[in-house]
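# here is my input, please return the structure:
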Amino acid sequence: MPELPEVETVKRGLAPTMEGALLLRAELRRPDLRFPFPENFAATVSGRRIFSLSRRAKYLTIDLEGGDVIIAHLGMSGSFRIETGASPAIPGAFRHPHGKDEKHDHVIFHLETGSGPARVIYNDPRRFGFMDLARRDTLADHAFFRDLGEEPTGNALDAAYLATRFEDRAQPLKAALLDQRTVAGLGNIYVCEALWRAGLSPTRPAGTLVDSCGRAKAALSGLVEAIRAVIADAIAAGGSSLKDHIQADGSLGYFQHAFSVYDREGEACRTPGCGGTVARITQAGRSTFHCPRCQK
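A predicted model of the protein is given here:
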């Protein structure tokens, strides 16, 4: 499943084409994806100007004039591509190369941009993605968002905040970080990478990073810095492109080449002077990669 950096990469790739464009028509080629489309979805969004694109956790949000917001989730294999040209039969020059088989094109947003006609196409072979509609003034209370914690890219995520969430918790540190009610959008890959950078074991009880007075220990401050750094590096590199993910411009992300522990079982730990070997364990049905020697 695409993680936060991949969704942020998609948002940044789509924004130059979509922001400010008129959404002439939404074409739905099937009645559902993972869930049925909202009633009158195509009619509601068609004819509206797109004000802005945003991201909350792993959700892409598209703000329309009139206060409606399209909520999109990529699921396991969802991706967008952008085509330019006036005619669907003769699409003209492809601004971006095809990323997928066209038989899996399920949603097409027909746009009028400042540079002419364009189509933003949502493709999803497995159909685990979905789209929904909400009102901007009640978006924070939507079922997808109301219980989400702080963003790993925002200033609100700091050691003091995590101390309030981790205090007295015996839950393993990795599980605590994957709890979307604590940190929104932080997924398996980047939790493994952040814990390695911070030198913390994924099995360590989360409460051990908080002192008896409820204050964050130095290790928790280091963890926050590691989370910020690994997410920033991944976004800068364009996302992981693991399995089905591609960027909106059709190119692949390359952050997987910089993974230090994820999917590197049996390889040497990259911590200078460590000499350990990356191991894989299973936590709550997910693979966790870590170095038993330097992560404590």
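# extract the CA atoms of stretch 50-61 and return them as CSV.
Output of stretch 50-61 as CSV, limited to C-alpha atoms (Å, rounded to 0.1, in the frame of the first residue of the first chain):
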residue,chain,number,x,y,z
ILE,A,50,-10.7,22.9,-8.4
PHE,A,51,-9.3,25.2,-5.8
SER,A,52,-6.6,23.1,-4.2
LEU,A,53,-5.2,19.6,-3.5
SER,A,54,-4.2,18.5,-0.1
ARG,A,55,-3.2,15.4,1.8
ARG,A,56,-4.3,14.1,5.2
ALA,A,57,-2.5,11.0,6.4
LYS,A,58,-2.7,8.7,3.3
TYR,A,59,-5.8,10.4,1.8
LEU,A,60,-5.7,12.8,-1.1
THR,A,61,-8.3,15.6,-0.8
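# and it, average pLDDT?
Stretch 50-61 shows a mean pLDDT of 97.
# quick one: contacts of it?
Contact with stretch 50-61 is made by 1-4, 7-8, 10-11, 14-15, 18-23, 62-65, 69-74, 111, 139, 144-145, 148, 151, 180, 184-185, 187, as judged by C-beta atoms under 8 Å, 6 or more residues apart in numbering. C-beta here means a position set from N, CA and C on the backbone, and glycine is covered the same way.
# what helix or strand does Trp196 sit in?
According to DSSP states H and E, Trp196 maps onto helix 188-198.
# and the next element down the chain from that helix?
The first helix or strand that comes after helix 188-198 along the chain, using DSSP H and E, is helix 218-237.
# what's in contact with that next one?
With C-beta under 8 Å, 6+ apart as the test, helix 218-237 has contacts from 3-5, 8-9, 152-153, 157-159, 162-163, 166, 177, 183, 186, 190, 193-195, 197-200, 209-210, 240, 253-255, 258.
# can you tell me which of the residues you listed are buried?
Among the contacts of helix 218-237, those classed as buried by 16 or more other C-beta atoms under 10 Å are 3-5, 8-9, 152-153, 157-159, 162-163, 166, 177, 183, 186, 190, 193-195, 197-200, 209-210, 240, 253, 255.
# what's the ChimeraX line that selects buried ones from the contacts of stretch 50-61?
For the buried members of the contacts of stretch 50-61, the matching ChimeraX selection, counting by 16+ other C-beta under 10 Å, is:
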select :1,2,3,4,7,8,10,11,14,15,18,21,22,23,62,63,64,69,70,71,72,73,74,111,139,144,145,148,151,184,185,187
